[in-house]
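S.K.: turn this into a structure:
(chains A and B)
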Amino acid sequence: MRKPDLNTRLAVTGAGIICSIGRNQGEVWQSICESRAGIGKLTRFPGETFPTDIAAEVIGEIGPMLPIGKREARRLSRTDLLAVVAAREAIEQANDGAKSPLPVARAIVSTGTSTGGLLEGEEYYFKRLVVGRRRAPASRVLQQPTSGPSDAVARVFKLGGGVVSNATACASAGAAIGMAADYLRSHHADVAIAGGSDALCRLTYSGFNVLQAVDPSPCTPFAADRKGITLGEGAAYLVLERWDDAVARGATILAELGGYGASCDAHHATAPAEDGRGAEAAMRGALSESGATSVDYINAHGTGTLLNDSAETKAIISAVGTATPVSSSKSYFGHTLGASGGIEAVISILALLHQTAPPTLRLETPAADCPLDYIAHTPRPMPLRSVLSNTFGFGGSNVSLLFRRV
Amino acid sequence: MTRVPITAIGVVAPGAIGIDAFRDFLKAGATAIQVVDRFDTAGLRSHQAALVRDFIPRDFIALMKLRRMNMLSRYALSAARLALRDGGVEQLDAATGVAMGTAFGPVQTSVDYMQEYVERGAALAPPQLFAESVANAPGSHIAIELGLRGFNVTLTQRESSALSAAMYAASQIVKGNVRTAVIGGVEEVNEMIFSVLDRLRALGEASHPFDRCRSGLILGEGGAVFLAGETPGQRYGFLSGFGMARDTTATVSDWGEDPNAVVAAMRSAIDDAALEPRDIDAIYASANSTRRADRLEYLALQSLFGDAVPPVVATKGYFGEYAAGGGLQLAAALVALRDQALHPSSGFEQGDESMRIAVNREYRPATLRHILVNSISAGGGVVCAVLSA
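M.R.: Numbering: from 1, shown residues only, chains lettered A, B, ... in the order given. Next comes the predicted model:
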């Protein structure tokens, strides 16, 4: 087997994003700069009664942003459609101004998603309760598999290198980017469209509520009075290439993916290890693989739950000390579950490009167990050579990604 | 390390619990496909599936913990304990990584959750069901129970899920990221998936891979776990190469029509193993008894190997498609490699005049240096692996 060669540098040549604060990089960064969150009243499931009623939804029609017709779009889940929108922006940017286009025959799609087409699965379930299994529209359930976003992106953009899907809860998109990195380093692929996508659905909205993990108000990661997460949705993809290939193609390189680390807490099905040991191992892995000992800013997982923010803070202190500025972008667009690692990777890259670290909104008083330099309220212009992006999930899976400025 | 040894296997399979029983089951050329009695199939076209029977989870998992696990987690953790037993391993290195694969994941748990949601309300559904509704729950339980703190990922690439998991885990071992890994796959046959695939006419009345009377796939289930890397135990064989591709003619829910993608994935796996097609001694085929996918694979084999297609073994007639997320097909190929014997292709009866390949019919000794394992997914994904003795 060819070994992933850690001496192979990886270039990010495209990025695409859609979430509650914007439908592309420009809109998202403008919202970041204006400290404008995208959290509002939950509208997706009218008639349902949940204990909380806010969410970070992607508002408006997705259809006009799709490079496919209505008929084909109907065959895809909302998670698939969000993925196609984000992948389109990433691919277009990677080709923009380049001497030659991306080599699609050896391009893989690596996607992380937690729910896939569960939203459409729920609709089928309700329909079946009413009309029975013989008359319910079974084709809608075909949209449910978590392989859907990878398959959809590959089909729409005619990518022939292979599809890699993972559903590693909220660490999914981070894992997808890590896998893509290694497959480029081992030459199992020449290009990777890597990221994540997740749409809001009833099961997760209800599920986090029954776990009492949802803040009834917009989330306040790292705050003394934090009460939990705000659920969101969205998608984001990066175009990754081996550095030399990107240069030869004449592509504009946005950032370097220095490396990633992955670990497991091996502690609990839904709660993180309180000492942050798994998160620390993932961060140390990303630093080690990148040949770094420190970073200039950490885009934290920062969900706003009591346990996560405390454990992540301990992990950060153990891995890099107390001096590194930290913030959670989830205060803008909520916890986008399986997509979060991709969305926050794009935020990290935008931070590098703009030399500005985004803040944690609404963070008035950091908790006593969160004694770090948390950037609050407004973005902080600062020299950024490298950024660490953390993504953790149910079951204790952790992934950290390290990006460098070009 | 450029080849990754597989040192132990545990299976909870239709027709066999444990690798020794699985070996005997394969050798006999029998089938575990039977009439479904787990749920009502009245009014459906298909009534057959390969279900796990005689599985007693309490034999592997403490009762208190059992209550917190869905069937996928039970299959996975039990298969992991059987693998440890097979390898004579007490405890794995704490840095061990885990890569699991599942095609449909916890659909039954989601259905159970939604039932509670409807009956009790969105605020009162059981949190335990929600915790098990994520696809990576089985891999997480393995990590928690065995204390494994390396990477922990769950691949969900439909029929290719377990091979995708094996590919990632092997890449992490050759990279030097971990020394050992738990690789696996899980799947559960449930009424929801069965009835939907039946409505879409994807299911057949029986499994006849590469046969002219093939009429659709038969669903399988179970769990398979492999210990990989520097673990004690016997040596089944090595993971020595992987390749992947996607058929751009495929829709997101069906197989495509372009054999070149399958050729590309097979060639890539053989290249990755630093071999030539002539070095392949047998093929453990993807063949799942559907008209389109079997034909596609046949055309690809013809294209790559020409007149010298090695003996082909079709395993889905034993335990159906999706069995252990594709893990049972991999387990069968590794058993063949260790025993230096090819298995009969259960369900292959008359052949198909339009597909002239040597489908193996009987259990027979064979010199097997390298086996190619193919997995072609609905949706267009293709993953191939080369296993070496």
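S.K.: which non-adjacent residue is nearest the residue in the stretch 51-200 of chain A that chain B sits nearest to?
M.R.: Nearest to chain B in the stretch 51-200 of chain A, going by Cβ to the nearest Cβ, is residue A:162, at a distance of 3.2 Å. Any C-beta I mention is one placed from the backbone N, CA and C, and that applies to glycine too. Distance criterion Cβ to Cβ, 6 or more residues apart in numbering or on different chains; nearest residue to residue A:162, sequence neighbours excluded, is residue B:244 at 3.2 Å.
S.K.: what's the pLDDT at the residue of the stretch 51-200 of chain A closest to chain B?
M.R.: With respect to pLDDT, residue A:162 has a value of 98.
S.K.: any idea what it is bridged to?
M.R.: For residue A:162, the beta-bridge assignment (DSSP bridges) gives partners residue A:108.
S.K.: what's the distance between it and residue A:189?
M.R.: Applying Cβ to Cβ, to the nearest Å, the value for residue A:162 to residue A:189 is 7 Å.
S.K.: quick check: neighbours shared by the two?
M.R.: A:108, B:244 (Cβ atoms under 8 Å, 6 or more residues apart in numbering or on different chains).
S.K.: which residues of chain B score low on pLDDT?
M.R.: B:1 (pLDDT under 70).
S.K.: list the buried ones in the top helix by length along it?
M.R.: Longest helix in chain B by number of residues (criterion: DSSP state H): helix B:71-87. By neighbour count on 16 or more other Cβ atoms under 10 Å in any protein chain shown, the buried set for helix B:71-87 is B:71-84, B:86-87.
S.K.: which elements pack onto it?
M.R.: Helices and strands touching helix B:71-87, by 3 or more Cβ pairs under 8 Å, 6 or more residues apart in numbering or on different chains; DSSP states H and E, are strand B:4-13, helix B:137-146, strand B:180-187, strand B:222-229.
S.K.: closest to chain A out of these?
M.R.: Go through these one by one with Cβ to the nearest Cβ and the one that ends up closest to chain A is helix B:137-146, at 2.8 Å.
S.K.: now do the most centrally placed residue in chain B against residue B:336, distance only.
M.R.: Against the mean C-alpha coordinate of chain B, by Cα atoms, centre = their mean, the closest residue is residue B:326 at 1.4 Å. Using Cβ to Cβ, one gets 16 Å for the distance from residue B:326 to residue B:336.
S.K.: try residue B:235
M.R.: As judged by Cβ to Cβ, residue B:235 and residue B:336 stand 14 Å apart.
S.K.: and the two? which has more neighbours close in?
M.R.: Applying other Cβ atoms under 10 Å in any protein chain shown to residue B:235 and residue B:336 shows that residue B:336 carries more neighbours, namely 28 against 13.
S.K.: that one: which element?
M.R.: Assigned by DSSP states H and E, residue B:336 belongs to helix B:327-339.
S.K.: gap between that helix and the chain center?
M.R.: Put simply, helix B:327-339 sits 11 Å off its chain's centre (Cα atoms, centre = their mean, to the nearest Å).
S.K.: could you point out which element follows it?
M.R.: Using DSSP H and E, the helix or strand that follows helix B:327-339 in sequence is strand B:341-342.
S.K.: what does that next one contact?
M.R.: Outside strand B:341-342, the residues within contact range by Cβ under 8 Å, 6+ apart are B:27, B:282, B:311, B:313, B:336, B:360, B:363, B:364, B:365, B:366, B:368.
S.K.: how near is the residue nearest to residue A:250 when sequence neighbours are not counted to residue A:251?
M.R.: Closest residue in space to residue A:250, ignoring its immediate chain neighbours: residue A:99 at 3.5 Å, by Cβ to Cβ, 6+ apart. Taking Cβ to Cβ as the measure, residue A:99 falls 8 Å from residue A:251.
S.K.: what of residue B:362?
M.R.: 55 Å.
S.K.: in terms of neighbours, single out the busier of the two.
M.R.: Comparing residue B:362 with residue A:251 by neighbour count (other Cβ under 10 Å), the higher total belongs to residue A:251, at 25 against 9.
S.K.: enumerate every residue touching that one.
M.R.: By Cβ under 8 Å, 6+ apart, the residues touching residue A:251 are A:11, A:13, A:94, A:95, A:97, A:98, A:241.
S.K.: and for residue B:188?
M.R.: With contact set as Cβ under 8 Å, 6+ apart, residue B:188 has these partners: B:70, B:71, B:72, B:75, B:104, B:107, B:108, B:221.
S.K.: can you pick out the most distant pair from those residues?
M.R.: Spatially, the most separated pair among these is B:75 and B:107, at 14.1 Å (Cβ to Cβ).
S.K.: give me the neighbour count for the residue of the stretch 51-200 of chain A closest to chain B.
M.R.: By other Cβ under 10 Å, the residues close to residue A:162 number 33.
S.K.: before we move on, what about residue B:233?
M.R.: 18.
S.K.: torsion angles phi and psi at it?
M.R.: phi 120, psi -170 (degrees, to the nearest 10).
S.K.: ok, now which ones touch it?
M.R.: Neighbour list for residue B:233: B:7, B:8, B:86, B:87, B:88, B:89, B:227 [criterion: Cβ under 8 Å, 6+ apart].
S.K.: with adjacent residues omitted, what lies nearest to it?
M.R.: The spatial neighbour of residue B:233 that comes closest, neighbours along the chain excluded (Cβ to Cβ, 6+ apart), is residue B:87 at 3.0 Å.
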